[in-house]
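>>> Pasting the sequence and the predicted model now:
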Amino acid sequence: MRSAAPGDERDHRPPVAITAAPSPGGAGRRSVWRRPNIVARLLEDEFSGFPAHHPYVRRFWTAAIGPGGVADLLRLITAAAKQKPLPYPEYLHLLISAGLVWWSPDVAWVRRSVPPLGGAQLRRITPALRTEHQVEVASFFGAGEATKNSR
């Protein structure tokens, strides 16, 4: 093993091993860890909500749970529709707590459509966005659903 020493065509730093490599299996950034694959399946029920790629989902759910959560949700729905495995979503815990995904051992269950924001999510968005949300839900579902979800 060679080491760099002051005056050895290197700047004047303490000696350091220049052939050292990280140990296999050693600590690394989370971004380079390989996530295990999971399977996503569609729930076949009579639920009607916004289609997954409707602008409502990106506008209001992004404000409530963040862009990473929405991206993971859309990936899960797409993987479930194609019946393909996908890497474990970073925000799966958030999607489960929001009621958008149901987890059973190694299977994430999702619907084709996304429900309107619930009370917990509505409290997290700004008042102006809440008003815009109420108008959007009323135009999509009718006035009865908009007042029910605004509570």
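That came through fine.

>>> alpha carbons only for contacts and neighbour counts from here, please
OK.

>>> Spatially central, which residue of this protein would that be?
Gly69 (2.6 Å; CA atoms, centre = their mean).

>>> That one sits in which helix or strand?
helix 67-82 (DSSP states H and E).

>>> Can you name the residues in contact with that helix?
With CA atoms under 8 Å, 6 or more residues apart in numbering as the test, helix 67-82 has contacts from 39-42, 52-53, 57-58, 61-62, 85-86, 89-92, 94-95, 100, 108, 110-112.

>>> Mind checking which of those are buried?
39-42, 52, 57-58, 61-62, 85-86, 89, 91-92, 94-95, 100, 108, 110-112 (16 or more other CA atoms under 10 Å).

>>> Give me the subset of those residues that lies in helices.
Secondary structure assignment by DSSP state H places Thr62, Leu92, Leu94, Leu95 of the buried ones among the contacts of helix 67-82 in helices.

>>> Could you check how far the first one is from Arg29?
Separation of Thr62 from Arg29 (CA to CA, to the nearest Å): 26 Å.

>>> show me where pLDDT drops low in the protein?
Applying pLDDT under 70 to the chain flags residues 1-28, 30-31, 143-151.

>>> Now do the longest strand that it contains and helix 67-82, the angle between them.
Longest among the strand segments of the chain by residue count, using DSSP state E, is strand 37-42. Using axes from the mean of the first three to the mean of the last three CA atoms, to 10 degrees, one finds that strand 37-42 and helix 67-82 are set 70 degrees apart in direction.
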